[in-house]
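A.B. asks: here is a sequence with its predicted model. Questions after.
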Amino acid sequence: MIAIIDYGMGNLRSVSKAFEAVGHQAVVTRDARVIGNAGHVVLPGVGAFGDCMANIEQFGLVEPIRAAVQSGKPFLGICLGLQVLFTESEEFGVHKGLDLISGTVKRFGIDPSLKVPHMGWNEVRYERRCPLFDGIADGAHWYFVHSYYVQPTDRSLAAATTTYGTTFVSAVWRDNVVACQFHPEKSQAVGLRLIKNFGAWK
Ligand SMILES: NC(=O)CC[C@H](N)C(=O)O
């Protein structure tokens, strides 16, 4: 079973529909036992970093998320679900994250030629052949909606990059954890393929 973590924020419906669309049964849950028993765990997210962490703490989900990452089972973070894995974010002040991946979350710089948030389709270029990219061309376009991006301390964790003014890390991969800034559930065919690959990833 695939557990989609529900901490009260995030486009849970579209994430679970995407899994169903590719034939993977997923359950939206905040129950620590369900998360612990799941074979795969997804941490989606839409909203502000600080609110996200406050909700995760409020619902007692810090340890279940940490345990899922450390268990070695396949773990997928999406957008804010990527960012909160990091040490801290500068979104609306400095907020501590789960610190499961060392690094910070930075805002796009002030560039009059660039609207922030970065919203729309953009190219994702692979740095490492992550198994979740199987069957998806390097340079494919994915859907983004974000004003902040992650800067892993260990740059070798980058699985892909994207350029929007600056070239930023748009996906990270470490052992059983893949996390992406783009929204697979909003990225049509390539997104569905990544989700299908994730559900089959052992
Ligand atoms: N869509 C989102 O929630 C983006 C996550 C974060 N608030 C950012 O702006 O980067």
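C.D. replies: Right, received. Where do you want to start?

A.B. asks: all strands of this structure, in order?
C.D. replies: 2-5, 26-29, 40-43, 75-78, 86-89, 95-96, 101-107, 118-123, 125-126, 141-146, 148-152, 158-164, 166-174, 177-180 (DSSP state E).

A.B. asks: tabulate these in JSON lines, adding columns for mean pLDDT.
C.D. replies: Below are those laid out as JSON lines (pLDDT from 0 to 100):
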{"stretch": "strand 2-5", "mean pLDDT": "98"}
{"stretch": "strand 26-29", "mean pLDDT": "97"}
{"stretch": "strand 40-43", "mean pLDDT": "98"}
{"stretch": "strand 75-78", "mean pLDDT": "98"}
{"stretch": "strand 86-89", "mean pLDDT": "98"}
{"stretch": "strand 95-96", "mean pLDDT": "98"}
{"stretch": "strand 101-107", "mean pLDDT": "98"}
{"stretch": "strand 118-123", "mean pLDDT": "98"}
{"stretch": "strand 125-126", "mean pLDDT": "98"}
{"stretch": "strand 141-146", "mean pLDDT": "98"}
{"stretch": "strand 148-152", "mean pLDDT": "98"}
{"stretch": "strand 158-164", "mean pLDDT": "98"}
{"stretch": "strand 166-174", "mean pLDDT": "98"}
{"stretch": "strand 177-180", "mean pLDDT": "98"}
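
A.B. asks: dump those into TSV; add mean neighbour count as well.
C.D. replies: For the C-beta atoms, the positions are set from N, CA and C on the backbone; glycine is no exception. Output for the strands of the chain, formatted as TSV (neighbours: other Cβ atoms under 10 Å):
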stretch	mean neighbour count
strand 2-5	24
strand 26-29	18
strand 40-43	27
strand 75-78	28
strand 86-89	21
strand 95-96	16
strand 101-107	18
strand 118-123	15
strand 125-126	15
strand 141-146	20
strand 148-152	21
strand 158-164	19
strand 166-174	20
strand 177-180	26
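
A.B. asks: find the nearest non-adjacent residue to the residue most central in space within the chain, please.
C.D. replies: By Cα atoms, centre = their mean, the chain has its centre lying nearest to residue 78, at 2.1 Å. Setting aside the residues directly before and after it, residue 78 is nearest to residue 44 in space (Cβ to Cβ, 6 or more residues apart in numbering), at 4.6 Å.
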